[in-house]
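Chemist: When you get a sec, could you give me coordinates for this:
(one chain, ligands or ions: 2)
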Amino acid sequence: MDKDKKQAPGALFAVPLTPAEYERFGALVTKRTLSQMRSLYADQAAVEDRLAREDPIIYEVYELPHPYDETDLLVNITCLYPGRVGDEYYMTKGHFHARPDSAEAVIGLSGEGELVVQNRAGEVRKLSVRPGQISYAGGGWGHRDINTGNDPLVFLAISGANIVHDYETAARLNFRKRGN
Ligand code: PA5
Ligand code: MN
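Modeler: Ligands and ions are numbered 1, 2, ... in the order given. Predicted coordinates:
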């Protein structure tokens, strides 16, 4: 038998594209607070000032139940809250995909924002993220989302489940254009 052939059918499901429905379906919810990503913002005085008063949730990721195998897709929903730290908008940490260095598709569900991408040579681009639009970044583009609006930016991100998230490269390059 061909060892690359699946011996059993893969996962099969249909879930409405909202954080609440994902949660009802058993999604793992990860909350990222400002204190967990304090070094990403340019205005460190603004970070410290804010943290002295509160530690806001910047975004939540809703991840459908594992396990996935390498033929699956990650189909996570992110809810990125509106706000600023200094003059930068709230943003996700950002990462590259490694082994394989593969694509990501972002589909806006509500709110408005941008997908900031940067390649390893330092070139930066921005794609808008809005409901009914797909923003596609092929392999080699590290990616971060920013919320430029007044409402939560909710989006679906689709990538291969076999990627390794490389946060280290993204943190080191820290996207020349950040959250503004
Ligand atoms: O698959 C993706 O790229 C997204 O689901 C992100 O993981 C999500 O938006 C959170 O961003 P980060 O993983 O950079 O913290
Ligand atoms: Mn990704």
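Chemist: State the distance from L127 to L17.
Modeler: L127 sits 20 Å away from L17, taking CB to CB, to the nearest Å as the criterion. Using the backbone N, CA and C atoms, a C-beta is placed for each residue, glycine as well.
Chemist: hey, which helix is longest across the protein?
Modeler: As assigned by DSSP state H, the longest helix anywhere in the chain is helix 44-53.
Chemist: what packs against that one?
Modeler: Counting by 3 or more CB pairs under 8 Å, 6 or more residues apart in numbering; DSSP states H and E, the packing neighbours recorded for helix 44-53 are strand 84-85.
Chemist: how many other residues sit next to the residue lying closest to A45 once chain neighbours are set aside?
Modeler: Of all residues not flanking A45 in the chain, G86 sits nearest, at 7.7 Å (CB to CB, 6 or more residues apart in numbering). The local packing of G86 (other CB atoms under 10 Å) involves 15 other residues.
Chemist: and G86, what does it touch?
Modeler: Neighbouring residues of G86 by CB atoms under 8 Å, 6 or more residues apart in numbering: Y41, A42, D43, A45, A46, V47.
Chemist: same deal with V154?
Modeler: T18, P19, I77, T78, C79, L80, G108, L109, S110, G111.
Chemist: 10 Å - rerun?
Modeler: 17-19, 59-60, 62, 77-80, 108-111, 113, 129, 131, 147 (CB atoms under 10 Å, 6 or more residues apart in numbering).
Chemist: Tell me where this structure is predicted with low confidence.
Modeler: Filtered on pLDDT under 70, the chain yields the residue ranges 1-6, 176-180.
Chemist: Could I get the full set of helices for it?
Modeler: Per DSSP H, the chain carries helices over the ranges 19-24, 44-53, 167-173.
Chemist: between these, which gets nearest to A98?
Modeler: helix 167-173 (8.0 Å; CB to CB).
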